[in-house]
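> Quick one, structure for this:
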Amino acid sequence: MYDKGRVMMRKKERDLLIYLVDNSDRFVTSEELSTLLSLTPRTIRNYIKILKETLVSQGAQLDAKPSLGYRLHISHPVTFDLFLNKNYELSQWLINEDSNNISDRQKYILNKLVIENQKFLIEDLAEKLFVTRTTLSKDLSIIRKVLMPYQISVESKANIGVFITGLERDKRHFILDYFFSHSENSIQHYMKNKSFFKAISFDQITIIVLDECREAGIHLTDFTIQNIVLYIALSVQRLKCGFELQAVQVDINPEIRNVRDVARKIFSRIESGLSLKFPKSEVDYLTIQLMAQGKNINIQNDGPLQRDLDMILRRIELETDYPVTKDYALKKNIIEHLKPMVVRLEQGIQLKNPLLQEIKTNYLSEFMDTKRYIKWSPYLSQFDINDDEVAYLALHLMAAAEKYKNLNKPRALIICATGYGSAQLLNNRVEKEFGMYLNIVDIKGYYEVDDTALSNVNLIISAIDLSTRVFKVPVIQVSIFLTEADVQKINEFLDNEQIRNKYIAVEKKQPNNSVLNHFDQFIDQSSFKIWQVSPHRKELLQELTNMLMFNEPTELKHEFLEQIDQREQLSSIVFSDTIAVPHPAMPMSRVPKIAIGIIPNGVRWSDEYPSIRLVFLLSPSYRSNKGLTETTQAIVKFTENTEEQRRLVASKNFSEFRHNFLLMMKGGKYI
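Prediction:
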């Protein structure tokens with residue numbers, strides 16, 4: 001069959017194989033491959049030699065003919081398809097290697113049955129897969145169990161063979177859950193598989209969904225945006241293959257009409273770019289998806305939910321002493337979550353929770369408590385609620401519990417007599433320094449301090465002298481600027497009272513003067529340039545892109561630039577009148593990189609920003625961006641400091657720029 005071990009393949013080899021697979025019906029010349037991959041013909045021949053040796057035992061071979069070039073000949077399609085899927089994610093379907101622990105053979109059968117809707121005789125398939133009829137029957141038995149929760153049946157009839165029956169909507173549920181269930185980097189993962197989603201732009205769909213949902217006031221989290229975009233992409237692909245949804249029942253009441261209009265507008269904009277017409281059933285089902293995953297959707301029939309929630313919160317309060325019945329923010333947030341959740345439960349839509357495993361591992365007690373609370377609800381008990389949904393509800397209760405813990409912190413009253421501005425300055429500084437240790441309950445003027453203001457207060461922090469008045473609680477006099485001496489006085493009070501040990505389990509982090517030098521990790525001389533003559537914006541971005549992707553093919557550079565445009569359509573990447581920080585909408589690099597351009601005379605970025613002088617072109621990694629956050633935070637830090645900007649723009653060379661930038665990161669002084 002095929003080598004179970006994962007074979008490492010260079011990116012160019014992988015691109016070469018993709019092209020040969022997509023063009024296996026003809027011979028491809030080395031010149032064509034050379035132009036496409038930006039490689040010399042000699043390098044192409046070397047890669048072809050390596051591929052020949054690799055593919056000979058994997059169900060395929062490379063035919064070569066003088067003057068004609070090379071053609072991929074697939075002698076054992078099943079072996080070759082499994083080999084591609086196992087090693088390079090190039091197969092015509094995607095699999096999640098962590099899900100269900102079903103063998104590659106069974107995944108292959110599922111693909112043929114569900115995605116391609118094929119029928120086959122058991123004898124023919126057994127011969128293709130080089131297994132006995134008994135083995136294949138066992139595989140089908142396992143597959144039946146996997147499909148059963150989705151109301152999809154595996155049937156077998158004489159002269160017809162094995163096939164599946166079920167609604168198209170249930171098949172789509174299964175495809176999304178089984179073939180596309182990933183906890184992170186979802187869209188990035190799907191985009192690796194160009195052969196399944198041909199001619200589908202995830203970026204364009206994302207922008208359309210964001211535009212229309214924002215316009216209608218439908219809030220989608222990043223995770224649910226990915227779910228909706230993936231669902232729409234799958235709808236396009238299934239419709240292109242002739243698989244239409246059956247009609248679905250949607251009550252068009254005033255609350256739902258707005259959501260349906262959004263679904264219709266989304267499909268209308270997608271239609272304009274594709275030779276495809278979406279039927280009413282697709283619009284109705286996208287409406288259900290949006291209702292099941294969006295927030296701020298006005299679903300009125302929540303009377304049973306409200307009654308059950310009130311009852312559950314009363315029982316939780318009796319059990320834990322937490323004031324949940326009076327926590328109106330908690331009630332509002334849970335109801336807003338439950339409304340679309342009920343739609344999901346009624347429609348059989350599963351919303352995956354990327355934090356599920358972490359919650360089960362680190363907060364198992366809270367998770368199990370939430371499961372128990374749900375069973376108290378007669379309304380929710382009628383549904384089979386999976387662990388993903390339970391974990392989402394647990395997060396709401398965990399956040400509330402964390403908030404209640406703050407209620408046990410000492411309560412401080414701030415007194416200031418020099419106006420609202422100075423009072424806010426002192427309040428903000430105390431909050432920043434002691435937010436982990438104190439609850440600031442109010443800010444009062446000298447003449448506003450009465451018994452009501454002092455009730456339930458453990459400490460007074462005053463910017464005025466209160467020595468002529470006697471209070472039952474300690475008073476610490478400070479400057480409105482909260483100097484180091486003031487901080488020390490409050491620290492001494494907290495230490496003496498053992499407040500930290502009594503109320504706080506987490507140690508306060510002390511300022512760290514040693515900032516890691518991440519600069520050299522992402523930036524070097526080759527990715528830095530000073531333009532003495534102001535370039536055009538497009539020219540500037542092209543040259544900076546070339547610096548970051550000097551050894552990548554031309555088409556990848558074009559895609560990178562397109563991704564930058566997509567990102568800027570989502571929101572501005574200009575951080576000040578002087579600084580722009582362009583970056584792609586989707587991470588494309590194996591390792592994070594930064595290219596820097598200085599334009600002393602300015603470049604016209606747009607009508608609103610006619611003179612950008614400093615450009616940081618970021619290329620985040622789709623694997624790990626350790627250290628990049630510290631660097632980008634440093635960039636953001638000096639967007640409000642014109643003096644630091646001026647010094648960086650005035651740098652005469654890379655060495656001077658590096659020196660100034662590192663000083664700024666470390667909070668040092670310029671020399």
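> quick one, phi psi at Val615?
Main-chain dihedrals, Val615, degrees, to the nearest 10: phi -120, psi 120.
> per-residue pLDDT, it?
The model reports Val615 with a pLDDT of 95.
> The stretch 101-250 of the chain: strands as residue ranges?
153-157, 161-165 (DSSP state E, counting those that start in this stretch).
> my guess is Ala64 is in a strand, correct?
Yes: judged by DSSP: H, G, I helix; E, B strand; the rest coil, Ala64 forms part of a strand.
> thinking again about what came up before, what's the most buried one of the strands of the stretch 101-250 of the chain?
Comparing the strands of the stretch 101-250 of the chain by mean neighbour count (mean count of other C-beta atoms under 10 Å), strand 161-165 ranks first with a mean of 17. Every C-beta, even on glycine, is put in place using the N, C-alpha and C of the backbone.
> Could you check how far that strand is from the centre of its chain?
Centroid separation for strand 161-165 versus its chain: 37 Å, with C-alpha atoms, centre = their mean, to the nearest Å.
> now Lys432: how far from Leu220?
32 Å (C-beta to C-beta, to the nearest Å).
> now Tyr373
27 Å.
> and Ile359, how many residues sit next to it?
21 (other C-beta atoms under 10 Å).
> cool, the one 5 residues further on as well?
Number of residues near Leu364 (other C-beta under 10 Å) recorded here: 11.
> Sheet-wise, list the partners of the strand ranked longest in the chain with their directions.
Secondary structure of the chain read by DSSP state E shows that its longest strand is strand 593-603. When pairs are called by DSSP bridges, strand 593-603 turns out to pair with strand 528-530 (parallel), strand 612-619 (antiparallel).
> Pick the most deeply packed of those.
strand 612-619 (a mean of 24).
> Go ahead and confirm Phe278 touches Ile266.
No: counting by C-beta atoms under 8 Å, Ile266 is not a contact partner of Phe278; they are 9.3 Å apart.
> Need the overlap of contacts for the two.
Taking C-beta atoms under 8 Å, 6 or more residues apart in numbering as the contact rule, Phe278 and Ile266 touch no residue in common.
> Dump the C-alpha coordinates for stretch 257-268 into CSV.
In CSV, the C-alpha atoms belonging to stretch 257-268 read as follows (Å, rounded to 0.1, in the frame of the first residue of the first chain):
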residue,chain,number,x,y,z
ARG,A,257,-37.0,38.7,8.7
ASN,A,258,-34.0,40.9,9.4
VAL,A,259,-31.7,37.8,9.6
ARG,A,260,-33.1,36.3,6.4
ASP,A,261,-32.5,39.6,4.6
VAL,A,262,-28.8,39.4,5.7
ALA,A,263,-28.6,35.8,4.4
ARG,A,264,-30.1,36.9,1.1
LYS,A,265,-27.7,39.8,0.7
ILE,A,266,-24.7,37.6,1.4
PHE,A,267,-25.7,35.1,-1.2
SER,A,268,-26.6,37.8,-3.7
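> got a list of contacts for that stretch?
Applying C-beta under 8 Å, 6+ apart, the external contacts of stretch 257-268 come out as 208-209, 212-213, 215-216, 218, 232, 250, 252, 278, 282-284, 286-287, 290-291, 294, 297-298.
> hmm, 6 Å instead?
Residues outside stretch 257-268 that contact it (C-beta atoms under 6 Å, 6 or more residues apart in numbering): Ile208, Glu212, Ala216, Phe278, Val283, Leu286, Thr287, Leu290, Met291.
> So which bits of it are buried?
If you call a residue buried by 16 or more other C-beta atoms under 10 Å, then stretch 257-268 has these buried ones: Val259, Arg260, Val262, Ala263, Arg264, Lys265, Ile266, Phe267.
> element containing the third one, please.
Taking DSSP states H and E as the criterion, the element that holds Val262 is helix 254-271.
> Tell me what angle the helix or strand following that helix forms with helix 254-271.
Next helix or strand after helix 254-271 toward the C-terminus (DSSP H and E): helix 280-293. Per axes from the mean of the first three to the mean of the last three C-alpha atoms, to 10 degrees, the angle that helix 280-293 makes with helix 254-271 is 120 degrees.
> what mean pLDDT would you report for helix 280-293?
For helix 280-293, mean pLDDT is 86.
> Run through the neighbouring helices and strands of it.
Under the contact definition 3 or more C-beta pairs under 6 Å, 6 or more residues apart in numbering; DSSP states H and E, helix 280-293 sits against helix 222-240, helix 254-271, helix 328-347.
> For the closest residue to Thr206 other than its chain neighbours, which residues are in contact?
Spatial nearest neighbour of Thr206, chain neighbours left out: Val229 (5.2 Å); criterion: C-beta to C-beta, 6 or more residues apart in numbering. When contacts are counted by C-beta under 6 Å, 6+ apart, Val229 touches Ile205, Thr206, Val209.
> Just the buried ones out of those residues, please.
By 16+ other C-beta under 10 Å, the contacts of Val229 give Ile205, Thr206, Val209 as buried.
> Need the pLDDT of the last one.
The predicted structure scores Val209 at 89 on the pLDDT scale.
> tell me the domain ranges of the protein?
The chain resolves into domains spanning 11-88, 104-179, 186-293, 303-329+351-406, 411-503, 519-666 when parsed by automatic domain parsing.
> Now do the fifth one: distance to the chain's middle.
In this view, domain 411-503 has its centroid 41 Å away from the chain centroid, taken as C-alpha atoms, centre = their mean.
> With the first one instead?
Distance of domain 11-88 from its chain centroid, counting by C-alpha atoms, centre = their mean, is 34 Å.
> now the fourth one
If you compare the mean C-alpha spot of domain 303-329+351-406 with that of the full chain, they lie 24 Å apart, counting by C-alpha atoms, centre = their mean.
> Report the mean confidence score over it.
For domain 303-329+351-406, the per-residue pLDDT averages 88.
> what do you get for the shortest one?
Across domain 104-179, pLDDT averages out at 86.
> surely Val475 meets Ile460?
Yes: under the criterion of C-beta atoms under 6 Å, Val475 makes contact with Ile460 at 4.5 Å.
> follow-up on the earlier one: let's have the contacts of Val229 in JSON lines, adding distance to Val441.
Converted to JSON lines, the contacts of Val229 look like this (distance: C-beta to C-beta, whole Å):
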{"residue": "Ile205", "distance to Val441": "48"}
{"residue": "Thr206", "distance to Val441": "44"}
{"residue": "Val209", "distance to Val441": "43"}
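> These in helices, which ones?
Counting by DSSP state H, the contacts of Val229 place Ile205, Thr206, Val209 in helices.
> for the residues you listed, which one is nearest Leu313?
Val209 (34.5 Å; C-beta to C-beta).
> gap between the closest one and Lys12?
34 Å.
> where in the stretch 401-550 of the chain is pLDDT low?
406-408, 417-422, 447, 467-470, 496-517 (pLDDT under 70).
> Could you pull out the helices in it for me?
420-434, 451-454, 484-496, 499-503, 519-522, 537-548 (DSSP state H, counting those that start in this stretch).
> Now distance to Ile152 and mean neighbour count too, for those, in TSV please.
Below are these laid out as TSV (distance: least, C-beta to C-beta, whole Å; neighbours: other C-beta atoms under 10 Å):
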stretch	distance to Ile152	mean neighbour count
helix 420-434	56	16
helix 451-454	66	10
helix 484-496	62	14
helix 499-503	55	14
helix 519-522	48	16
helix 537-548	46	18
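> out of everything not next to it in sequence, what's closest to Ile599?
Ile599 sits nearest to Trp531 (C-beta to C-beta, 6+ apart), 4.7 Å away.
> For burial, what's the neighbour tally of that neighbour?
Applying other C-beta under 10 Å, I find that Trp531 has 18 neighbouring residues.
> Am I right that it is in contact with Pro600?
No: taking C-beta under 6 Å as the definition, Trp531 is not a contact partner of Pro600, at 7.8 Å.
> wait, Ile288 sits on Gly348?
No: contact criterion C-beta under 6 Å: Ile288 and Gly348 do not qualify, at 10.1 Å.
> Give the residue from these two that has the larger number of neighbours.
The neighbour count for Ile288 versus Gly348, taken as other C-beta under 10 Å, is higher for Ile288 (22 against 14).
> how far away is the nearest residue to the more buried one once chain neighbours are set aside from Tyr285?
In space, and not counting its chain neighbours, Ile288 is closest to Gln347: 5.3 Å by C-beta to C-beta, 6+ apart. If you measure Gln347 against Tyr285 using C-beta to C-beta, the figure is 9 Å.
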